[in-house]
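**Q** need coordinates for the following:
(chains A and B)
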Amino acid sequence: MMGPDVVWYLCVAGFLFCTGALGVLIRRSPLIVLLSLEIMLNGANLALIAFARHYGQGDGQIFALTVMAVAASEVVVGLGLIVAIARRKLDLDVDKLTTLRG
Amino acid sequence: MPAPVIVASFANVLVWAVWVVAAFACLGTGIAVISFTNPFYSSLSLIGNLASLAVMYLLLSAEFVAAAQVLVYAGAVMVMFLFVTAYLGDSADAAWAGGPTWQVLGAVAAASALFVEVVVVVGLKTSGRLSHEAKVDSSFGRPYEIGRLFLTDHLLAFEITSIVLLAAAVGGVILGAHSREEPMRGVRQ
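**A** Have a look, this model is predicted:
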């Protein structure tokens, strides 16, 4: 194959996953937490597609497409929750939504 | 040097150049997403991130996934994000200042440790073993091949995906309908 090895793609995928994890950990806005989750899922997708190319089999791409569908579903439910939170005039802050705490 | 060798090495350099640009755009926009305080700019950065990822998918000869990435993610999902951000208006802004500083420092340390671990594992444990790429023919990653795999080998995953999407659609409708009513009991205002 021309261009970089799968190892380089894996490094980018790992960096993306860690960036997303950092965003989930340090941001308090649920919108940005959702965006960071998307970055994590895309990091995983990149690794899947890189390995699909490396082994010359399409199964990794199938898995990546499934991950995309799951990500879209997660965004629908997450944004629905955010709109519901905003309509109840609650603060959009994941640290303040503590009703489920025992 | 014979002409085909020169052409091949030039193509290799070109692929590397495109890869470097796409990879750095990907990393830069990823960091931009988590560092903007305005969620609108974060969403726009994520669109750039998804586009540069689509370029890398093309380099990996995954044409159908790249097209789906641009259509589904950068098209549909991000438009939804932008609509919700616009609907929320100012209340969507979330400044950085949150928990104590040690929490942020701990999160940064954990993420860097995770990244170093990934690089060390990839670099040490796979040295040499991942350098032999499989040869693929031109049908690899085309819609025909994806459809054949989805409807033969991975039919169960295909059907489960459709059920997940249906559940998400119903959940979205229910969340939207119920949030118009009075607040539920037990929700702290």
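
**Q** for the longest helix along chain A, what does the pLDDT average out to?
**A** Counting by DSSP state H, the longest helix found in chain A is helix A:59-87. Average pLDDT, helix A:59-87: 91.

**Q** in that helix, what counts as buried?
**A** A:60-86 (16 or more other Cβ atoms under 10 Å in any protein chain shown). In this view, the C-beta of every residue, glycine as well, is placed from N, C-alpha and C.

**Q** out of these, which are close to chain B?
**A** Taking Cβ under 8 Å from any Cβ of the partner chain as the test, chain B is in contact with A:61-66, A:68-77, A:79-84, A:86 out of those.

**Q** now residue B:6: phi and psi?
**A** For residue B:6, the backbone dihedrals (degrees, to the nearest 10) come out as phi -60, psi -40.

**Q** what's around it, how many residues?
**A** 10 (other Cβ atoms under 10 Å in any protein chain shown).

**Q** so what pLDDT did it get?
**A** Residue B:6 is given a pLDDT of 82.

**Q** contact partners for it?
**A** Contacts for residue B:6 (Cβ atoms under 8 Å, 6 or more residues apart in numbering or on different chains) come out as none.

**Q** and the gap between it and chain A?
**A** Distance, residue B:6 to chain A, using Cβ to the nearest Cβ, to the nearest Å: 14 Å.

**Q** beyond whichever strand or helix holds residue A:18, next helix or strand please.
**A** Secondary structure assignment for residue A:18, by DSSP states H and E: helix A:6-26. Sequence-wise, the next helix or strand downstream of helix A:6-26 (DSSP H and E) is helix A:30-55.

**Q** by how many degrees do that next one and helix A:6-26 diverge?
**A** For helix A:30-55 against helix A:6-26, the angle by axes from the mean of the first three to the mean of the last three Cα atoms, to 10 degrees is 160 degrees.

**Q** is any part of helix A:30-55 close to chain B?
**A** Yes - using Cβ under 8 Å from any Cβ, helix A:30-55 reaches chain B at A:31-32, A:34-36, A:38-39, A:42, A:45-46, A:49-50, A:52-55.

**Q** out of those residues, which end up buried?
**A** A:31-32, A:34-36, A:38-39, A:42, A:45-46, A:49-50, A:52-54.

**Q** mind listing what residue B:114 touches?
**A** Residue B:114 sits next to A:14, A:17, A:18, A:21 when contact means Cβ under 8 Å, 6+ apart.
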